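> predicted model, plus sequence, below.
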Protein chains: 4
Amino acid sequence: MVGFDLTLTTAGGETMQIHFIEGNEAIARGAVAAGCRFFAGYPITPASTIFNTMMQTLPPTGGVCMQGEDEIASIGFCLGASMAGMKVMTATSGPGISLYSEQISFAIGSEIPIVIVNVQRLGPSTGSATKAADGDIQFMRWGNSGGLPVIVLAPVDVRDCYTLTATAFNLSERYRCPVFIAANKDVSMTRESVAFSELTAPGPENRRTAPPDREYQPFAVSGGRMVPDFLPVGGQRLVRQTSSTHGMDGYITTDPAAIAENRERLKNKILAHRDDLALYSEKRVPGARTLVISYGVTARSALQLADRLEKTPDPVSVLVLKTLWPVSEGLIRKKAAPYDRIVVAELNLGQYVRELERLLPDKQVRFTGRMNGNLLTPEDIKEAIAHE
Amino acid sequence: MVGFDLTLTTAGGETMQIHFIEGNEAIARGAVAAGCRFFAGYPITPASTIFNTMMQTLPPTGGVCMQGEDEIASIGFCLGASMAGMKVMTATSGPGISLYSEQISFAIGSEIPIVIVNVQRLGPSTGSATKAADGDIQFMRWGNSGGLPVIVLAPVDVRDCYTLTATAFNLSERYRCPVFIAANKDVSMTRESVAFSELTAPGPENRRTAPPDREYQPFAVSGGRMVPDFLPVGGQRLVRQTSSTHGMDGYITTDPAAIAENRERLKNKILAHRDDLALYSEKRVPGARTLVISYGVTARSALQLADRLEKTPDPVSVLVLKTLWPVSEGLIRKKAAPYDRIVVAELNLGQYVRELERLLPDKQVRFTGRMNGNLLTPEDIKEAIAHE
Amino acid sequence: MVGFDLTLTTAGGETMQIHFIEGNEAIARGAVAAGCRFFAGYPITPASTIFNTMMQTLPPTGGVCMQGEDEIASIGFCLGASMAGMKVMTATSGPGISLYSEQISFAIGSEIPIVIVNVQRLGPSTGSATKAADGDIQFMRWGNSGGLPVIVLAPVDVRDCYTLTATAFNLSERYRCPVFIAANKDVSMTRESVAFSELTAPGPENRRTAPPDREYQPFAVSGGRMVPDFLPVGGQRLVRQTSSTHGMDGYITTDPAAIAENRERLKNKILAHRDDLALYSEKRVPGARTLVISYGVTARSALQLADRLEKTPDPVSVLVLKTLWPVSEGLIRKKAAPYDRIVVAELNLGQYVRELERLLPDKQVRFTGRMNGNLLTPEDIKEAIAHE
Amino acid sequence: MVGFDLTLTTAGGETMQIHFIEGNEAIARGAVAAGCRFFAGYPITPASTIFNTMMQTLPPTGGVCMQGEDEIASIGFCLGASMAGMKVMTATSGPGISLYSEQISFAIGSEIPIVIVNVQRLGPSTGSATKAADGDIQFMRWGNSGGLPVIVLAPVDVRDCYTLTATAFNLSERYRCPVFIAANKDVSMTRESVAFSELTAPGPENRRTAPPDREYQPFAVSGGRMVPDFLPVGGQRLVRQTSSTHGMDGYITTDPAAIAENRERLKNKILAHRDDLALYSEKRVPGARTLVISYGVTARSALQLADRLEKTPDPVSVLVLKTLWPVSEGLIRKKAAPYDRIVVAELNLGQYVRELERLLPDKQVRFTGRMNGNLLTPEDIKEAIAHE
């Protein structure tokens, strides 16, 4: 069920280590590489093989992998473990994200690190189990009460699944917020061969904890940082956590100034770092007048199209966004500047395109999308470009 | 606890019937006027007095008002009753909308009418119970899997609470979709005196049911209509309902053409009627160069400011949006056209302003907002206008 | 669905009011006559028509009838309402009694009045839904942790259903303990005509509450009484209730003397009143050497047999026990004394016969029973008598 | 937290392996020795250390140990695993047995092997957490709908905990029924040193499965056996299991003859083997006129008293029952025969004494018991003997 690892020997006698794994397995491996030691979830295709891989990986090394009695319990277990100091991950699909919603709000407001993998499938509701869609792009951003920001990363292939998941852990610890991996069925359940050496990830970044010798305020910040040092669980200090509005001391408050300060900080700790968070790849083709902007599995079709058209009279460039939220505003404006025409390709009926319309008021922005269980092909994108 | 009705007699001997009620009670009365006969919910301030009013109103007239064991059960009861032919409503606040999320997706995909009142409070999570905010404006639109549209109406005062709730029922039946009332603590729990004669609402509109004498396809449409006739529950025909992707016959399908047709229809049955759905009010002041766009309780501050500035050298006009979703694109573009400067005032950190930025690329769009438990005052808005 | 009431006119012109109702309806009417104003339950045949009748009866008169989300919630609602001063009832069948078990323990230990109707069906588990059995006779007595006594009454016919239910309420208030009605499918769902005048019940007995002017200990007793006065809910005094071992003041305690006093009292408040509680009927036939002891629907076969044999050389007498627990030890010994042979007839594989063997060591005690979905007939009992 | 193992070296250089463990750990070890590979439970003192030991023991050897979200889920997991072929155990205390009740009925009716440890504490309800009592002796026998028999074994000490648990597994597989271990707080949480060599248990006995080459009826018996061969899960045959009354083929039935045959068999498969199941120990003192009958931790006081009185003019003998249900009727009658007086010592207000009164009508049967959190001492028992 789970992918396997091979050793290939070339004619010249050299050996090469190869994984033949699906995206979900790469996500699980990336999580473990980043220091994840706790996973809880409830089964749902196409996310279940993340659970399976974690179940094989975590317990033998002292980690915990458990199935909650439902999604609400599962994310609750994760948040509890995270507050206790562990790096945690959960994985589900759209209907499960619905059930996570209340506790995502809690994680945002209480600044609890967690990586949430959403292996999207075609909704709404049960929809088509299991066909791909990228139907939850706005849902991940806005699907909880209050409207404060989260981080969402979108992998394109198995390698991204590994790398972006490891990155997600680092960002989650650094910004103390939920970080989503916006996978979908075709990214997660397609098996690819990938050389060991390609699966690289940034070194694990651990949460900053307050120095033990000073007075401690659990939600105070200092030195220009916008993220409080973590509650040093297990030490002499009392840890205090409330889902209500709270001051720097962690006590509930209804003081408007304290609430405003906190809400502004929750917003700005992420939005002020848009540029640091702007992950992407691109294919720039000289002479192209059209830029295709895409993400996730659809980016593969866009890149394939760009390859095909490279030597033709009408070549296209491609910008692949790997950070969807916060919106990489500076990057997008800069990358789009040279082009006359922007084509946005998404596996839904038009979601991220709204952001691009907002950011690029002076460009012609076209959209091509689909929500029928099939992927967007290079031809589909080409047609959208050609359409006058 | 519940508001009361008075008879005032003027000096001249004329009598006048007056309600002294809060918004929540007006919502409940509006629902009953529109034909609502089923309510289920789980207590949460500031929504609970809707439940209380319904509990006093529905059972004596043969209706049903019940408290579910939690929010998940409550909306489930509503959807079941709606499928069985009743007009239904539920009410909660942000954390409860989270728990409704999964079944909102079901209602969208299965085209089940329901009115959902979200009496917003300051989030995220438990937040400040109970201070007002309009923090769920994007959440109501996007807070479920798949990204298909819903309708969201925002009342400004007690009269709107009555009228828009009644309208919400009609739209819900007409378009077979969830319709939200985006109230908040200050709209819902402020008591106002209002003359009986002012509480007017459109006549109840009932769901179209299929003629009994023809072959019936539960999700087929005809004659240019985009909404299928309702399942004639209780008759000879078998009623079929699935949360999975289904064809016109209601059977599960994975046929891409059938899914695409259905998804496009779910989207267009609402978006193609944007203009019909565009509810608003306005104050147009000759000579104004600034248009304040607002909604909900904040609109009252905007209107007050416009009154104050009417005779000054720098008057402002106000556009009050009562339909938030779908976005009244034509209306907004038209109403904004004469102005140089747009100021968007919302009780959050910037949500609906994103839509206005997208729609009005050639305008200077400013934002003023707040998320600290206090309302935006006319002075706050004036300051945003003045700021260079 | 629910029975009806008739007015019959005799040839002589006299009128007579007749009910044509089933046992479950009589139980519901008896409860209301006794002052029951709160009912909660979860549907299960053959108990559901009690719920239905209560739903029609209670709300119009200001009472509450509700369906819990399951049996655990249902009995919980009842106990809460009882602690708040209402007379409460719930009804289920064997599998539901299982789910009541934990809270029956709570009611015993915290001395909370409640009437629990067990409309028995053929178990174990789902068994035959819906065939009769009296398979829970020991279960009602012993089906909770700790082994402290409860009261169990067994109706024979529709009249008993009415009268014993009303009695059960009085006993529950007087002894502050759970009182079971041990019905079964055939007692509860057989419709009989019964004259209004026959449905008589003792007047409602209300809980003793402590005088308002003295110092109050919630679990103290005085004046030779073994049952504490009830917590005067709603007054100035603090009500205290714990499921843990507690002293007279209601505070948790681990003092052995206090616990022992309490446990002995819980036992003796019921067992010391065995004789007062000994409800029964009988048919004594001169010259009979055999006494048939029975209860519930089976008693009807026993009585019929006694009628048939009355004029034969081998007549039998019948003792019908209407109080099963506490065991009417004095009554049984006295009534059995004149007979050589005791035949116990029960609709199970031998449950109450164990008590009779224990009490009547010097008698030949025979058993006849059955557990196949059919009733015991007069012939079955006759056969057991004849068998040497 | 968990006990440890020592190696002692005697003066003569011999080594001896010693465990210093509590009863709960011995129960867990006995279970594993008998082949238990699946454990699920929900925490409750004084049973929780069984869970802890299983958690350390099972997963490293490929077994499963899990915490359910509550007791209902926990026993459900066990029954599912047992139906799938595993040997399973769960452990709780009185309030948890309440929540197991419904599924104990299912296990009886569907003949599913399971070992249920009840580490009794002082009830009813929450009672004293955590003081000992043997308050569930009748509850284990009768605490489920239908009244069909189960097996209950009562350990006296750590050695019994090991041995009887292993025996319980064998009986559960042999008779396809729930087998209870009736421990209590003082048996389970007292640590004793015990030599490895003393922890002996019968070899594991595995369930009989039907031969693969014949037509198969899941609930048919043959060859004088009263227990059907087990459903051969995993093979070619369809496994069928219903909680309803069923025939030999496993299909639901309401045929009275089929139900009667099945119910009689469920009863007799256990009761007809009373003698094989009669586990006990005894101390017979020549010249004694009094026999103390006891079980569980109280038996230790009885045995100590017998030791003390052995050389006095009024010695006593002791019969320690290790099988409580089914009642070892032949054994008890035979062992009691030589004595004039029977004293029954139990840690409750009189439960098992009812059975002894029933069985020994011609003896003077006295009872001594207690329910206050303290154990019965030898002096307590002596006083009961002396009392005239």
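It's in.

> and the stretch 51-200 of chain A, which residues reach chain B?
A:93-95, A:97-99, A:101-102, A:104-106, A:108-110, A:122-129, A:131, A:133, A:135-139, A:141-148 (C-beta under 8 Å from any C-beta of the partner chain). Just so you know, the C-beta spots here come from the backbone N, C-alpha and C atoms, and that holds for glycine as well.

> which residues touch A:Gly23?
A:155, A:157-158, A:161, A:183, A:187-190 (C-beta atoms under 8 Å, 6 or more residues apart in numbering or on different chains).

> what about 7 Å?
A:155, A:158, A:161, A:183, A:187-190 (C-beta atoms under 7 Å, 6 or more residues apart in numbering or on different chains).

> among those residues, which lie within helices?
A:158, A:161, A:187-188 (DSSP state H).

> show me which of the residues you listed are buried.
Neighbour counting over those (16 or more other C-beta atoms under 10 Å in any protein chain shown) leaves A:158, A:161, A:187-188 as the buried ones.

> switch the residues you listed over to JSON lines; also include pLDDT and distance to chain D.
Shown next, in JSON lines, are these (pLDDT from 0 to 100; distance: C-beta to the nearest C-beta, whole Å):
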{"residue": "A:Val158", "pLDDT": "96", "distance to chain D": "30"}
{"residue": "A:Cys161", "pLDDT": "98", "distance to chain D": "28"}
{"residue": "A:Val187", "pLDDT": "97", "distance to chain D": "31"}
{"residue": "A:Ser188", "pLDDT": "97", "distance to chain D": "27"}
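
> which among the residues you listed gets closest to D:Asp362?
Checking those against D:Asp362 by C-beta to C-beta gives A:Ser188 as the nearest, at 76.9 Å.

> A:Met66 - nearest residue in space that isn't next to it in sequence?
A:Ala40 (4.9 Å; C-beta to C-beta, 6 or more residues apart in numbering or on different chains).

> that neighbour: neighbour count?
Neighbour count for A:Ala40, taken as other C-beta atoms under 10 Å in any protein chain shown: 25.

> wait, a strand at it?
Yes: A:Ala40 sits within a strand when classified using DSSP: H, G, I helix; E, B strand; the rest coil.

> what segments of chain A are helices?
Under DSSP H, chain A gives helices at A:23-33, A:48-57, A:71-83, A:94-110, A:137-142, A:158-175, A:185-188, A:256-271, A:298-309, A:329-336, A:353-359, A:378-386.

> now for the third one, which elements pack on it?
This points to helix A:71-83. strand A:38-41, strand A:88-92, helix A:94-110, strand A:114-120 (3 or more C-beta pairs under 7 Å, 6 or more residues apart in numbering or on different chains; DSSP states H and E).

> just checking: what are the partner strands of the first one?
By that I understand strand A:38-41. According to DSSP bridges, strand A:38-41 forms sheet pairs with strand A:64-67 (parallel), strand A:88-92 (parallel).

> least reliable of those going by mean pLDDT?
Across the strands paired with strand A:38-41, strand A:64-67 has the smallest mean pLDDT, namely a mean of 94.

> A:Thr45: neighbour count?
14.

> who are the contact partners of the residue lying closest to it once chain neighbours are set aside?
Once flanking residues are discounted, A:Thr45 sits nearest to A:Thr130: 4.4 Å by C-beta to C-beta, 6+ apart. The contact partners of A:Thr130, by C-beta under 7 Å, 6+ apart, come to A:45-46, A:121, A:185.

> the same query, at a cut-off of 10 Å, please.
Contacts for A:Thr130 (C-beta atoms under 10 Å, 6 or more residues apart in numbering or on different chains) come out as A:44-48, A:93, A:119, A:121-122, A:184-185, A:188-189, A:373, B:254.

> and A:Thr163, by the same measure?
Neighbours of A:Thr163 in contact, by C-beta under 10 Å, 6+ apart: A:26, A:30, A:33, A:153, A:155, A:157, A:198-202, A:279, A:322.

> let's have those residues in CSV, adding neighbour count, pLDDT and distance to chain C.
Listed next are these as CSV, based on neighbours: other C-beta atoms under 10 Å in any protein chain shown; pLDDT from 0 to 100; distance: C-beta to the nearest C-beta, whole Å:
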residue, neighbour count, pLDDT, distance to chain C
A:Ala26, 30, 97, 42
A:Gly30, 27, 97, 41
A:Ala33, 19, 96, 44
A:Leu153, 25, 98, 39
A:Pro155, 29, 98, 41
A:Asp157, 18, 97, 46
A:Glu198, 12, 84, 52
A:Leu199, 19, 88, 48
A:Thr200, 11, 88, 51
A:Ala201, 18, 89, 46
A:Pro202, 13, 92, 48
A:Leu279, 19, 98, 46
A:Lys322, 23, 98, 45
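
> would you mind putting those residues into JSON lines with distance to D:Arg333 alongside?
Listed next are the contacts of A:Thr163 as JSON lines, based on distance: C-beta to C-beta, whole Å:
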{"residue": "A:Ala26", "distance to D:Arg333": "71"}
{"residue": "A:Gly30", "distance to D:Arg333": "71"}
{"residue": "A:Ala33", "distance to D:Arg333": "71"}
{"residue": "A:Leu153", "distance to D:Arg333": "77"}
{"residue": "A:Pro155", "distance to D:Arg333": "76"}
{"residue": "A:Asp157", "distance to D:Arg333": "79"}
{"residue": "A:Glu198", "distance to D:Arg333": "80"}
{"residue": "A:Leu199", "distance to D:Arg333": "75"}
{"residue": "A:Thr200", "distance to D:Arg333": "80"}
{"residue": "A:Ala201", "distance to D:Arg333": "76"}
{"residue": "A:Pro202", "distance to D:Arg333": "79"}
{"residue": "A:Leu279", "distance to D:Arg333": "83"}
{"residue": "A:Lys322", "distance to D:Arg333": "82"}
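
> just those now: which is nearest B:Ile75?
A:Leu153 (31.5 Å).

> ok, the nearest residue to the closest one once chain neighbours are set aside - contacts?
Take A:Leu153 and drop its neighbours on the chain: the residue closest to it by C-beta to C-beta, 6+ apart is A:Leu164, 4.6 Å away. Contacts for A:Leu164 (C-beta under 10 Å, 6+ apart) come out as A:26-27, A:30, A:153-156, A:171, A:179, A:181-183, A:201, A:279, A:322-323.

> having no further points to raise, I will conclude here.
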